[in-house]
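# Next one to model:
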Amino acid sequence: MDSELIQKLEPQYRDLQYHIDLLSEDKCKITDVKKRSALLGIYREKDGTYMCRVRRNSGRIALKNLHDLAAIMDAHQIGHAHFSTRQNIQLHGVPAEQVHATIHACNAADMLFRGGGG
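Residues are numbered from 1 along each chain as shown. Next up is the predicted model:
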């Protein structure tokens, strides 16, 4: 796990969750969230939940990571995962209040969030 990178990104993770919470309370605009979330590969879906993109080098994932991913999805009430052809896993239906916790759980399981185009 790249703990130095995670430590460097932690302020961005906290800032993102703060703005997601503000948006949920109608205290900021979606553009305030989007300019923070897109850098991390996290996007708001039409139903108000979030899609979180976990990058995988070379599109590979170990069996242990699959087990970890299933446990994370159960623990954080995540609807489903989509394995894309662009070397990432998209977690769909992440509840707004679970975005930060989902990021931490994935980071702890060596599945880092990295920004990228849609």
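# Which parts of this structure are helices?
Assigned by DSSP state H, the helices in the chain fall at 3-24, 30-37, 63-75, 99-108.
# could you dump these to JSON lines with distance to Gly93 and mean pLDDT?
Heads up, the C-betas are built off the backbone N, CA and C, glycines and all. Formatted as JSON lines, those follow (distance: least, Cβ to Cβ, whole Å; pLDDT from 0 to 100):
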{"stretch": "helix 3-24", "distance to Gly93": "15", "mean pLDDT": "90"}
{"stretch": "helix 30-37", "distance to Gly93": "15", "mean pLDDT": "92"}
{"stretch": "helix 63-75", "distance to Gly93": "9", "mean pLDDT": "94"}
{"stretch": "helix 99-108", "distance to Gly93": "11", "mean pLDDT": "92"}
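# List the beta-bridge partners for the residue most central in space within the chain.
Residue closest to the average C-alpha location in the chain (Cα atoms, centre = their mean): Cys52, at 3.3 Å. On the basis of DSSP bridges, Cys52 is bridged to Ile42, Leu91.
# Pick the most deeply packed of the helices of the chain.
By mean neighbour count, with neighbours taken as mean count of other Cβ atoms under 10 Å, helix 99-108 ranks first of those at a mean of 19.
# Alpha carbons of that one, as PDB, please.
Extracted in PDB, the C-alpha atoms of helix 99-108 (Å, rounded to 0.1, in the frame of the first residue of the first chain):
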ATOM      1  CA  VAL A  99     -18.000   8.000   0.400                       C
ATOM      2  CA  HIS A 100     -15.200   8.800   2.800                       C
ATOM      3  CA  ALA A 101     -15.500   5.500   4.600                       C
ATOM      4  CA  THR A 102     -15.500   3.600   1.300                       C
ATOM      5  CA  ILE A 103     -12.300   5.400   0.200                       C
ATOM      6  CA  HIS A 104     -10.600   4.400   3.500                       C
ATOM      7  CA  ALA A 105     -11.700   0.800   3.300                       C
ATOM      8  CA  CYS A 106     -10.500   0.500  -0.300                       C
ATOM      9  CA  ASN A 107      -7.200   2.200   0.500                       C
ATOM     10  CA  ALA A 108      -6.700  -0.200   3.400                       C
END
